[in-house]
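# Requesting a structural model of the entry that follows:
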Amino acid sequence: MYINKVFLYGNLTRDPELKALPSGSQVASFGIATNRTYKDKDGNKQEQTEFHNITIFGKQAEVATQYLKKGRPVFIEGRLQTRSWDDKDSGKKMYRTEIIVDNFQFGPSAGGESSGNFSGDTASEPKPAAASAAKVEYPDDDINPEDIPF
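Down below sits the predicted model:
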């Protein structure tokens, strides 16, 4: 079995652009930036930023275009895909590697609240928490380990 799975958490580098395919389905594309911090051979702290091209289809594309904006954090789950085409001007073969989104989750908003996730399957959308959680009451007495029957 082969695996092509990508998990990314980063900030949007541009607002999603929504387009319609000839079939009528929606497609959106945007970029995200991720970074990593490491120490070089001299022990100096270095930071490296990577930029990723993201493509998302269907209802997810509409939701992403509506709610995701440049600078906002997002968690992406998807797969790698590389497209190729012949450049009309230079005649060279061009390549573009992108992440095709399966699911995504909104990152924390400016207010610090975490938003929900979105997948194409409406059955997996987050459900609201119970209005009142039952409070667990613990006994005031200490538990003697010898009283435990097992």
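
# pLDDT below threshold where in the protein?
The chain contains residues with pLDDT under 70 at 110-145, 147-150.

# Just the strands from it, written as ranges.
6-12, 17-20, 26-39, 45-57, 73-86, 93-106, 117-119 (DSSP state E).

# so what strands line up beside the second one?
This points to strand 17-20. strand 26-39 (antiparallel) (DSSP bridges).

# ok and the strand it pairs with relative to strand 73-86, angle-wise?
110 degrees (axes from the mean of the first three to the mean of the last three Cα atoms, to 10 degrees).

# can you pull the buried residues of strand 26-39?
Buried residues in strand 26-39, defined by neighbour count with 16 or more other Cβ atoms under 10 Å: 26, 27, 28, 29, 30, 31, 32. Quick note: C-beta positions are derived from backbone N, CA and C, even for glycine.

# How about stretch 80-96?
Within stretch 80-96, no residue counts as buried by 16+ other Cβ under 10 Å.

# Please enumerate residues in contact with it?
Defining contact as Cβ atoms under 8 Å, 6 or more residues apart in numbering, one finds that stretch 80-96 is touched by 4, 6, 53, 55, 97, 98, 99, 100.

# Top of the residues you listed by number of neighbours, please.
residue 99 (20 neighbours; other Cβ atoms under 10 Å).

# I'd guessed that residue sits against residue 54; true?
Yes: using Cβ atoms under 8 Å, residue 99 makes contact with residue 54 at a distance of 5.1 Å.

# Common neighbours of those two, please.
By Cβ under 8 Å, 6+ apart, the residues touching both residue 99 and residue 54 are 76, 78.

# What about the nearest residue to residue 18 once chain neighbours are set aside, how many residues nearby?
Taking Cβ to Cβ, 6 or more residues apart in numbering, and ignoring the residues beside it in sequence, residue 18 has residue 65 as its nearest neighbour in space, at 4.2 Å. Neighbour count for residue 65, taken as other Cβ under 10 Å: 19.
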